[in-house]
Every structure is written in C-alpha cells, then in structure tokens.
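Colleague: Need coordinates for the following:
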Amino acid sequence: MLTAKLKAPGTDRDDRNIESAHFESEGSTFYDAGRKTIAAQRAGTWHAPDRIFISIDFESPVRVHFKNPELNAEEKFGPYERFRLINGGMWGYEKDSPALIAQFDASLNLWHILGRPAPAMSEFTINEA
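Modeller: Predicted coordinates for the structure are as follows:
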C-alpha cells in the first residue's frame, strides 16, 4: 500500500495522507486506485475538493509509468527512493539527489518527459517499487 502525502501551505500545515494500492493521473487530475479524485493541478498547486495543497509526496520507493494511448507510447521511470509532484514538476530522488522527470503543460493537459526523447504523455501511474 502506498501513501501519498498532500502537503498544505503555510505554517499551520494541515497535511493529508491518502493510502491506495497505486495512484493514477489523467491530464491534470490525480486519482487513487478506485478512481476517486484526490486533486486537480491548477497553476502549479493541487486543488482538492475542500482545500489547496502545494505538493504530493511519496516517502517510500516508487516507480512511474507514463502512457499516451493516442500514440501507443509508454515510458517507465524508477525506482525512486522518494518522489514529489510540486509546482507543475515531477521529481524523483535517488540518494537524496533530485531529478526533474517531467513538467506539466496546462495548455495541452500533458506531461513533457525530460532527459530522454519521448512524446508528451497524458497519463501516469505511480506504483510501489
């Protein structure tokens, strides 16, 4: 079981932990394994039904699987010791060294893969490593 930590802004942080077998994203919307909407990304922040979060963090090892069904394309990344979605970026951490994996393009509703040739991706899944 994976735990996604939604981090709230400010000093009186009201972070939220959500457990799921895996997590998915389609465009800007982030779901649990049951396809329950957790939050949607807007202007670099995560908007849940009742509040805004600055990041979604994973403190346990994960792998990320991107898909673009329209192009029949896939890319896999990981495992990462830690993982973070923040400010429209997707960061994987290996030995406490962060690497920017992908950047979200809100105008196209797609993730642009960085560091390797790949088409933009509309979906991804985060699984335990």
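Colleague: The residue nearest the centre of the chain sits in which helix or strand?
Modeller: Central residue of the chain (CA atoms, centre = their mean): Leu85, 4.7 Å from the mean position. Per DSSP states H and E, Leu85 falls inside strand 82-86.
Colleague: Disregarding residues adjacent in the polypeptide, which is nearest to the residue nearest to the centre of the chain?
Modeller: In this structure, Leu85 finds its nearest non-sequential neighbour in Ile56, 4.4 Å apart by CB to CB, 6 or more residues apart in numbering. (Each C-beta comes from the backbone N, C-alpha and C, glycine too.)
Colleague: Could you name the helices and strands sitting against the strand holding Leu85?
Modeller: strand 55-58, strand 89-94 (3 or more CB pairs under 8 Å, 6 or more residues apart in numbering; DSSP states H and E).
Colleague: got a list of contacts for that strand?
Modeller: 30, 41, 44, 46, 54-60, 62, 64, 90-93, 98, 126 (CB atoms under 8 Å, 6 or more residues apart in numbering).
Colleague: Filter those down to the buried ones.
Modeller: Neighbour counting by 16 or more other CB atoms under 10 Å classes 30, 41, 46, 54-58, 62, 64, 90-93, 126 among those as buried.
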